[in-house]
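Undergrad: Make a model of this:
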Amino acid sequence: MCSSTLERREPRSLMSSSSCEQWIVRPGARSWRCGPAIHDAFVFYAGLPGYAPTRLIEAPALDAELGVGRVFVKDESARLGLPAFKILGVSWAVYRAIAARSHEEITPTIEGIRAAIADLAPIELVTATDGNHGRALARMATLIVATAHVFVPESLPTPVIAAIVSEGAAVTRVDGSYDAAVRLAADYTEASPDRMLIQDTAWPGYEEVPSWTVEGYSTLFQEADVQLRDAGVTSIGLVAVPTGVGSLLQSALAHYRGNGLIPAPSVLSVEPESAACVLASVRNGALTSILTSATIMAGLNCGLPSSLAWPFIEQGLDAAVAVSDDEARRAMNDLHRLGIAAGPCGAASLAGVRTLLSEPDRRAAFGIDARSVLLLISTEGIASGAA
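TA: Below is the predicted model of the structure:
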């Protein structure tokens with residue numbers, strides 16, 4: 001993701017005193033830097049039919065509540081015809097994967113990918129999902145005239161599965177969690193050379209495709225940079241990112257730690273209390289697998305962070321918080337009243353900021369005051385069901 005070796009620093013930590021308090025703050029992490037990301041994902045998207053930056057919405061009603069200068073929400077409820085940001089990572093990863101398999105340079109357009117597919121054996125795109133990633137892969141398969149097979153956990157709501165099927169994908173419901181679905185999707189792919197796994201989480205030996213997915217997500221933050229400048233913002237105090245396996249979080253850390261901003265914004269990871277694998281890993285100082293349970297933040301219901309994201313999280317993440325379903329629901333309803341069509345996963349960013357800034361010592365640790373600018377990433381809309 002970054003062009004140079006990651007620089008290792010040991011962030012000091014301010015932890016909650018008990019497991020009931022779901023947060024950890026590491027003010028020293030903000031000084032960590034990585035090299036700049038080098039790829040052409042933004043150029044790729046700018047050339048896609050129907051591409052337009054998603055909205056950046058200022059929410060002045062939140063300024064006084066949070067005790068800050070300005071609050072902005074990056075609204076991913078309508079991205080290239082789908083109700084979530086996932087198509088950014090999926091389409092760039094598919095393009096890069098098809099180009100690698102064809103062993104030839106291909107035009108970075110839908111037509112170029114179709115032409116390359118026509119010269120290859122029939123390809124079945126495979127993934128596991130908690131919702132929007134699988135739907136995005138199914139949409140991409142239709143666009144490039146390929147087939148898609150999506151593995152989903154047993155807890156995924158029927159309407160979410162129906163949305164994936166509506167895009168033309170075959171769906172296999174797995175007797176188990178999202179992590180079990182990931183394992184079965186990988187096993188299924190390995191059984192045939194005509195199958196291609198497009199997964200947004202990494203593990204040892206499977207890191208190339210997830211790295212392309214992370215590159216695709218960076219378009220979101222590049223758009224936000226331009227939009228914030230247009231709004232007269234010269235520096236950001238805090239960026240809040242809803243987090244599942246950590247790939248979007250990795251993209252945020254790579255962007256804000258690799259673009260040379262001084263001062264760099266702090267980055268906050270927000271997870272469900274029932275699936276806080278990043279928080280557990282940061283507490284333990286090592287990748288940690290946890291048991292998860294059902295949550296309205298279905299797209300964040302992941303039990304193990306991506307191995308590719310972990311070095312960025314371990315060294316560069318400023319804070320992690322876990323929020324309850326009730327807190328996410330309240331945040332979602334509040335955003336709706338402000339005209340922002342966030343789903344529960346997208347609204348987690350507001351719920352997490354409320355938790356982080358509720359105590360003076362945590363505010364002081366980040367230098368958040370009445371002049372600070374906050375950027376909340378709302379990853380999905382109310383119609384999507386999962387992030």
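
Undergrad: What segments of this structure are helices?
TA: 41-46, 61-66, 86-102, 110-118, 132-143, 158-166, 178-190, 208-230, 247-258, 277-284, 310-316, 325-337, 344-356, 360-366 (DSSP state H).

Undergrad: between these, which gets nearest to residue 294?
TA: helix 325-337 (9.0 Å; Cβ to Cβ). (Glycine included, C-beta is placed from N, CA and C.)

Undergrad: Distance from the closest one to the middle of the chain?
TA: Helix 325-337 has its C-alpha centroid displaced from the chain centroid by 19 Å (Cα atoms, centre = their mean, to the nearest Å).

Undergrad: repeat for stretch 290-301
TA: Its chain's C-alpha centre and that of stretch 290-301 lie 15 Å apart, by Cα atoms, centre = their mean.

Undergrad: So which residues make contact with it?
TA: With Cβ atoms under 8 Å, 6 or more residues apart in numbering as the test, stretch 290-301 has contacts from 84, 130-132, 153, 155-157, 160, 177-178, 242-244, 271-277, 280, 302-304, 325, 328-329, 344-345, 348, 379-380, 384-387.

Undergrad: Now the residue most central in space within the chain. Nearest residue, chain neighbours left out?
TA: Against the mean C-alpha coordinate of the chain, by Cα atoms, centre = their mean, the closest residue is residue 248 at 2.7 Å. Closest residue to residue 248 apart from its sequence neighbours, by Cβ to Cβ, 6 or more residues apart in numbering: residue 217 at 5.3 Å.

Undergrad: Hmm, that neighbour is touching residue 249, no?
TA: No: counting by Cβ atoms under 8 Å, residue 217 stays clear of residue 249, with 9.5 Å between them.

Undergrad: mean confidence score for stretch 186-195?
TA: For stretch 186-195, the per-residue pLDDT values average out at 97.

Undergrad: how about it: buried residues?
TA: Using 16 or more other Cβ atoms under 10 Å as the test for burial, stretch 186-195 gives 186, 188-189, 195.

Undergrad: Give me the distance between the two termini of that stretch.
TA: Length of stretch 186-195, first residue to last, Cα to Cα, to the nearest Å: 10 Å.

Undergrad: likewise stretch 277-294?
TA: Per Cα to Cα, the first residue of stretch 277-294 is 14 Å away from its last.

Undergrad: Could I get the contacting residues of the residue nearest to residue 248?
TA: With contacts defined as Cβ under 8 Å, 6+ apart, the neighbours of residue 217 are 85, 88-89, 247-248, 251.

Undergrad: Likewise for residue 278?
TA: For residue 278, the set of contacting residues under the criterion of Cβ under 8 Å, 6+ apart consists of 243, 246, 249, 269, 271, 305, 313, 317, 320.
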